[in-house]
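A.B. asks: Build me a model:
(one chain, ligands or ions: 1)
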Amino acid sequence: MRTLADFAAYRPATISRIAQALAADSSSYLLKGPRGSGADELLGAIAQTLVGDCGGCGECASCRAVADGEHPDVLLAQGEQHKPVAVEELRRIVRFASLAPTQARYRVVVIPDIDTLRLTFPVILKALEEPPTATKWLLSAALIGSELAPVASRCLTIELEAPSDVEIEHRFREHKLEPSALLIKWTRHRLDRVELFARLTDPERYLSTYADLPSLIREDARWCMELAHRLMPEELGSAGESEEIIQCGLEVLVAAHTDDGDWLRRATRASASLNRHLPLQLVLAELILRSG
Ligand SMILES: [Zn+2]
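C.D. replies: Take a look at the predicted model:
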């Protein structure tokens, strides 16, 4: 688990905002930053800081317990991927938050991506309104829509910067990868995409398949199936991850052709005929619409 000090080397402004916010001693904090800005890791690092006497060193027994999910005063709420946190889980969280800490100065409840709470907002709102003095809520969100506004208004919001190219490069190196400038660019400043690319056997070679695509754009459905097959990385198991990485490649591809009306027209027609591979069709169509 990374510490706030690890992040400070790359994003000093974010870390100083977090330090100021912690000094303000609020009962609930909301990290707001774009997807892939490392909000989840930062929530963990803040939890270590709040429950340890060490200031969040990352090494001591308390910090290790937080990292392993075994600290008795820290609860990490997790919905299943892409699914909301269930109401029963939320009741369990609220009960946990209502009790006094057993070891540390605070009880800490961590809820990454509060968008997953959408249906259960009333439960959490009440808890946020009447927090026991020794409980801290740590939440994160990529976007604060009108639904989330009541939750956000009860928290001290901390804006996160997106990771810099240097930080992205450093993350690739942790995976023993020497990324090209193009690969760094293709992550679009998202740490989650570094993790995704790192799982490919040869990410640079995978991305090079996108370089040929403009000249290959054709309108027939069979070709579209071939395209979908070509772009589907074998190393990634879940459909969600494959779509994510394809979206990532197509984003850069479309961005490189925004001035090429003829290419965009052909790509739009090709996307319209992608009717037998719906997810890819949606991705391509969305990107073309966005760029047009
Ligand atoms: Zn520590």
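
A.B. asks: all contacts plus neighbour counts: C-alpha atoms, from now on.
C.D. replies: Fine.

A.B. asks: and residue 265, that one's in a strand?
C.D. replies: No - according to DSSP: H, G, I helix; E, B strand; the rest coil, the state of residue 265 is helix, so it is not within a strand.

A.B. asks: what's the spacing between it and residue 125?
C.D. replies: Separation of residue 265 from residue 125 (CA to CA, to the nearest Å): 48 Å.

A.B. asks: what does residue 32 give?
C.D. replies: Taken as CA to CA, the span from residue 32 to residue 125 is 18 Å.

A.B. asks: Ok, residue 252 next?
C.D. replies: Look at residue 252 and residue 125: by CA to CA, they are 40 Å apart.

A.B. asks: Contact distance from the ion - what residues of this structure qualify?
C.D. replies: Within the chain, the positions near the ion by CA under 5 Å from the ion are 54, 56, 57, 58, 60, 63.

A.B. asks: check contacts around the first one.
C.D. replies: Okay, so that is residue 54. residue 60 (CA atoms under 8 Å, 6 or more residues apart in numbering).

A.B. asks: where does the protein have low pLDDT?
C.D. replies: 79-85, 116-120, 212, 214-225, 267-292 (pLDDT under 70).

A.B. asks: Check it for its longest strand and report it.
C.D. replies: strand 135-141 (DSSP state E).

A.B. asks: which is the next helix or strand following that strand?
C.D. replies: Remark: after strand 135-141, the chain's next helix or strand is helix 149-152, criterion DSSP states H and E.

A.B. asks: what's that following helix packed up against?
C.D. replies: With contacts taken as 3 or more CA pairs under 8 Å, 6 or more residues apart in numbering; DSSP states H and E, helix 149-152 sits against helix 121-129.

A.B. asks: So which bits of the helix it packs on are buried?
C.D. replies: Residues of helix 121-129 classed as buried: 121, 124, 127, 128 (neighbour count, 16 or more other CA atoms under 10 Å).

A.B. asks: Name the nearest of these relative to the ion.
C.D. replies: The ion has its nearest neighbour among those in residue 128, at 27.1 Å by CA to the ion.

A.B. asks: Out of the residues of the chain next to the ion, list just those in strands.
C.D. replies: Among these, no member falls in strands (DSSP E).

A.B. asks: When you filter those down to buried only, what's left?
C.D. replies: Neighbour counting with 16+ other CA under 10 Å marks 56, 57, 58, 63 as buried within these.

A.B. asks: Next, residue 163: phi, psi?
C.D. replies: phi -60, psi 150 (degrees, to the nearest 10).

A.B. asks: Give me the neighbour count for it.
C.D. replies: Neighbourhood size, residue 163 [other CA atoms under 10 Å]: 20.

A.B. asks: Distance-wise, check the nearest residue to it once chain neighbours are set aside relative to the ion.
C.D. replies: Nearest non-adjacent residue to residue 163, counting by CA to CA, 6 or more residues apart in numbering: residue 189, 5.4 Å away. Taking CA to the ion, to the nearest Å as the measure, residue 189 and the ion are separated by 29 Å.

A.B. asks: my guess is residue 189 contacts residue 162, does it?
C.D. replies: Yes - using CA atoms under 8 Å, residue 189 is in contact with residue 162, at 6.0 Å.

A.B. asks: any residues in contact with both of the two?
C.D. replies: Between them, residue 189 and residue 162 share these contacting residues under CA under 8 Å, 6+ apart: 36, 37.

A.B. asks: which residues touch the residue nearest to residue 199 when sequence neighbours are not counted?
C.D. replies: Of all residues beyond its chain neighbours, the one nearest residue 199 is residue 235 (6.9 Å), with distances taken as CA to CA, 6+ apart. Neighbour list for residue 235: 199, 200, 201 [criterion: CA under 8 Å, 6+ apart].
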